[in-house]
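1. Sequence and predicted structure below; questions after.
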Amino acid sequence: DSGVTQTPKHLITATGQRVTLRCSPRSGDLSVYWYQQSLDQGLQFLIQYYNGEERAKGNILERFSAQQFPDLHSELNLSSLELGDSALYFCASSATSGQYNEQFFGPGTRLTVL
Amino acid sequence: AQSVTQLGSHVSVSEGALVLLRCNYSSSVPPYLFWYVQYPNQGLQLLLKYTSAATLVKGINGFEAEFKKSETSFHLTKPSAHMSDAAEYFCAVSTEAAGNKLTFGGGTRVLVKP
């Protein structure tokens, strides 16, 4: 158990819908990262937040957005869903934003878009 | 830009045999390198990391990896495979220029035969 929690574990929805994925980082970790794992794209970095502020952006679609709240939990919002958004979405956390810090991964949310 | 190539998407080894997973990276600046393992229906767990100290890095579960700058490689080895090593393994790179963002290779799935 990494200490990072993600809810829900599974999500099935239809095209065009909007969903919210939630992540609670390890106690004391200030940085949260979101990654997408799909069969065709592999594991890709989406976005990073550090203590409530956006720190880095990767291959995140405009239909996707995220935020980190004062209690440090984070939410990833996916809207106008397409079939190709079906993937495993991971959240990871680290103590700070520096590169030496190990990222601890949550169990993921499996999103299926029908 | 940074990138990672893992040679072989699938590797099959016999129990007790050497496990060798290949990883080559591309980076214009000194990299930080990681190996993660993903068991079925679980998140990613860090096996080991290279952060410019010793070039031979020992990790958990008997795995180790050697950083070879001249070959831009960071291959993962384990002298004797165990059935519990069956999983998918990911090599990843981060650099100071890219912040703490992890760029992953395509992954190598390991099958261990009795």
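-> Received the coordinates, thanks.
2. What is the burial count for the residue nearest to A:Pro107 when sequence neighbours are not counted?
-> Nearest non-adjacent residue to A:Pro107, counting by CB to CB, 6 or more residues apart in numbering or on different chains: B:Gly43, 4.8 Å away. For every residue, glycine as well, the C-beta is placed using N, CA and C. Other residues within reach of B:Gly43 by the criterion other CB atoms under 10 Å in any protein chain shown amount to 22.
3. Also B:Lys78?
-> Count around B:Lys78 with other CB under 10 Å applied: 21.
4. For it, which non-adjacent residue is spatially closest?
-> B:Lys78 sits nearest to B:Val19 (CB to CB, 6+ apart), 4.2 Å away.
5. who's in contact with that neighbour?
-> B:11, B:13, B:63, B:76-78, B:81, B:85, B:110 (CB atoms under 8 Å, 6 or more residues apart in numbering or on different chains).
6. Looking at neighbours, which among these is most surrounded?
-> Counting by other CB under 10 Å, top hit in the contacts of B:Val19: B:Leu76 with 24 neighbours.
7. Please look at the residue nearest to A:Pro107 and A:Ser93 and confirm they touch.
-> No - in this structure B:Gly43 lies outside contact range of A:Ser93 using CB atoms under 8 Å: 11.3 Å.
8. joint contacts of those two?
-> A:Val4.
9. looking at it, B:Val4 is touching B:Cys91, isn't it?
-> Yes - using CB under 8 Å, B:Val4 is in contact with B:Cys91, at 5.2 Å.
10. okay, the two: which has more neighbours?
-> Neighbour count, other CB under 10 Å: between B:Val4 and B:Cys91, B:Cys91 has more, with 28 against 23.
11. so who does the residue nearest to A:Pro107 touch?
-> A:2, A:4, A:90, A:105-108.
12. which residues pair with the nearest residue to A:Gly58 once chain neighbours are set aside across the strands?
-> Spatial nearest neighbour of A:Gly58, excluding adjacent residues (CB to CB, 6+ apart): A:Phe45 at 3.7 Å. The partner list for A:Phe45 in beta bridges (DSSP bridges) reads A:Tyr35.
13. Could you report the neighbour count for A:Phe45?
-> So A:Phe45, with other CB under 10 Å, has 24 neighbours.
14. Report the contact partners of it.
-> Contacts of A:Phe45 by CB under 8 Å, 6+ apart are A:33-35, A:56, A:58-59, B:101-103.
15. Find me the pLDDT at it, would you?
-> With respect to pLDDT, A:Phe45 scores 94.
16. Mind exporting the C-alpha coordinates of stretch B:72-79 to CSV?
-> Extracted C-alpha coordinates of stretch B:72-79, given in CSV (Å, rounded to 0.1, in the frame of the first residue of the first chain):
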residue,chain,number,x,y,z
THR,B,72,23.0,5.5,-22.6
SER,B,73,21.6,2.4,-20.9
PHE,B,74,20.1,1.4,-17.6
HIS,B,75,19.4,-2.3,-17.8
LEU,B,76,17.7,-4.2,-15.0
THR,B,77,18.8,-7.6,-13.9
LYS,B,78,18.0,-10.2,-11.3
PRO,B,79,20.2,-13.3,-11.0
